[in-house]
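Novice: Requesting a structural model of the entry that follows:
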Amino acid sequence: MNANAEMPMEGTPLIAPSTTDHPLYETIVEACRTVHDPEVPVNIYDLGLIYTIDINDESHVEVKMSLTAPGCPVAGEMPGWVADAISPIAGVNTVNVELVWEPQWGMDMMSDEARLELGFM
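Specialist: Next up, the predicted model:
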């Protein structure tokens, strides 16, 4: 038996980590919290729709987000709403918001606050 077969393999995470140590990170999170899915009374950040906030050294912000369902009626508009919320932040140079479908969003991605608000707790 191959000795390496017993050791678990580490793969690429399904969701890339955010740049949480960047000085703009918390302000960007708060801006994301101002965007709401019109069908759900909870902001998209607490719903778990914002997967990754990546901020580089030139303060270019890359956001990867999903939707609760691919057929969401505002699918074409919501990335623009997120970009519009982040763009005015002092220190942000550019913003790109990409809609991704992998991994698929699930209720387990919601914050405790969102679960409470929606009556799941």
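Novice: C-alpha only now, for contacts and for neighbours.
Specialist: Noted.
Novice: Residue 52 touches residue 17, doesn't it?
Specialist: Yes - under the criterion of CA atoms under 8 Å, residue 52 is in contact with residue 17, at a separation of 6.1 Å.
Novice: which one of the two has more residues nearby?
Specialist: Remark: of residue 52 and residue 17, residue 52 carries more neighbours, 19 against 11, as counted by other CA atoms under 10 Å.
Novice: which helices and strands does the element among helices and strands of the chain having the smallest mean pLDDT pack with?
Specialist: Across the helices and strands of the chain, the lowest-confidence element by mean pLDDT, DSSP states H and E is helix 112-117, at a mean of 87. Judged by 3 or more CA pairs under 8 Å, 6 or more residues apart in numbering; DSSP states H and E, helix 112-117 is in contact with helix 44-47.
Novice: So which elements touch the helix it packs on?
Specialist: Contact analysis of helix 44-47 by 3+ CA pairs under 8 Å, 6+ apart lists helix 25-32, helix 112-117 as its packing neighbours.
Novice: What separation do you get for residue 61 and residue 93?
Specialist: 8 Å (CA to CA, to the nearest Å).
Novice: who's more crowded, the two?
Specialist: With other CA under 10 Å as the criterion, residue 61 and residue 93 differ in neighbour count, and residue 61 comes out ahead with 25 against 13.
Novice: Spell out for me which residue occupies the centre of this structure.
Specialist: Most central in the chain under CA atoms, centre = their mean is residue 50, positioned 1.2 Å from the mean C-alpha point.
Novice: If it is in a bridge, with which residues?
Specialist: For residue 50, the residues forming beta bridges with it (DSSP bridges) are residue 65.
Novice: hmm, back to that, figure out which of the helices and strands packed on helix 44-47 is closest to residue 74.
Specialist: Judged by CA to CA, the one of these that comes nearest to residue 74 is helix 25-32, at 15.9 Å.
Novice: List the buried residues for that closest one?
Specialist: Along helix 25-32, the positions that meet the burial threshold by neighbour count (16 or more other CA atoms under 10 Å) are 25, 28, 29, 31, 32.
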